[in-house]
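# sequence first, predicted coordinates after that:
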Amino acid sequence: MSRDLQAEINKRIASAIALRSGDKLRREHIKPLSVTFKDTSMEEKYSQMRDEVFKSNLVCAFIVLIFITTIQILLPSTR
């Protein structure tokens, strides 16, 4: 077996293990209906975390809003 193929297989196995571990942690620590932590201290820590991509998400949403508004203005109405 070549090293590239073996490295790819190892990467896929590691990815599958990480995915399963995340699912297991989610089942153990999060309420399924409310999607909140079962432990209030963990919920408090999570709520204090800074969202690193919030600003870029807002900018992208605003760009999409401007684009849609522009298209609505430029296209003639079919009425």
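Happy to help now that I have it. Worth saying up front: this structure is predicted, and the values here are computed from it rather than measured.

# right, and the helix or strand after the helix or strand bottoming out on mean pLDDT in the chain?
Ranked by mean pLDDT, DSSP states H and E, the weakest helix or strand in the chain is helix 3-29, scoring a mean of 80. Sequence-wise, the next helix or strand downstream of helix 3-29 (DSSP states H and E) is helix 40-48.

# need the mean per-residue confidence for that next one.
For helix 40-48, mean pLDDT rounds to 86.

# need the CA coordinates for stretch 52-71. CSV is fine.
This file holds the C-alpha atoms of stretch 52-71, laid out as CSV (Å, rounded to 0.1, in the frame of the first residue of the first chain):
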residue,chain,number,x,y,z
GLU,A,52,-15.5,34.7,16.4
VAL,A,53,-17.5,34.8,13.1
PHE,A,54,-20.5,36.8,14.1
LYS,A,55,-19.3,40.0,12.4
SER,A,56,-18.5,38.3,9.1
ASN,A,57,-21.9,36.6,9.2
LEU,A,58,-23.7,39.9,9.6
VAL,A,59,-21.7,41.4,6.8
CYS,A,60,-22.6,38.5,4.5
ALA,A,61,-26.3,38.7,5.4
PHE,A,62,-26.2,42.5,4.7
ILE,A,63,-24.6,41.9,1.3
VAL,A,64,-27.2,39.4,0.4
LEU,A,65,-30.0,41.8,1.6
ILE,A,66,-28.6,44.6,-0.6
PHE,A,67,-28.2,42.2,-3.6
ILE,A,68,-31.8,41.0,-3.3
THR,A,69,-33.2,44.5,-2.8
THR,A,70,-31.2,45.7,-5.9
ILE,A,71,-32.6,42.8,-8.0
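
# show residues contacting it.
By Cβ atoms under 8 Å, 6 or more residues apart in numbering, no surrounding residue is in contact with stretch 52-71. For every residue, glycine as well, the C-beta is placed using N, CA and C.

# how far out from the middle of the chain is that stretch?
Relative to the centre of its chain, stretch 52-71 is centred 17 Å away, using Cα atoms, centre = their mean, to the nearest Å.

# what number of residues are in the vicinity of Q6?
Using other Cβ atoms under 10 Å, the number of residues around Q6 comes to 10.
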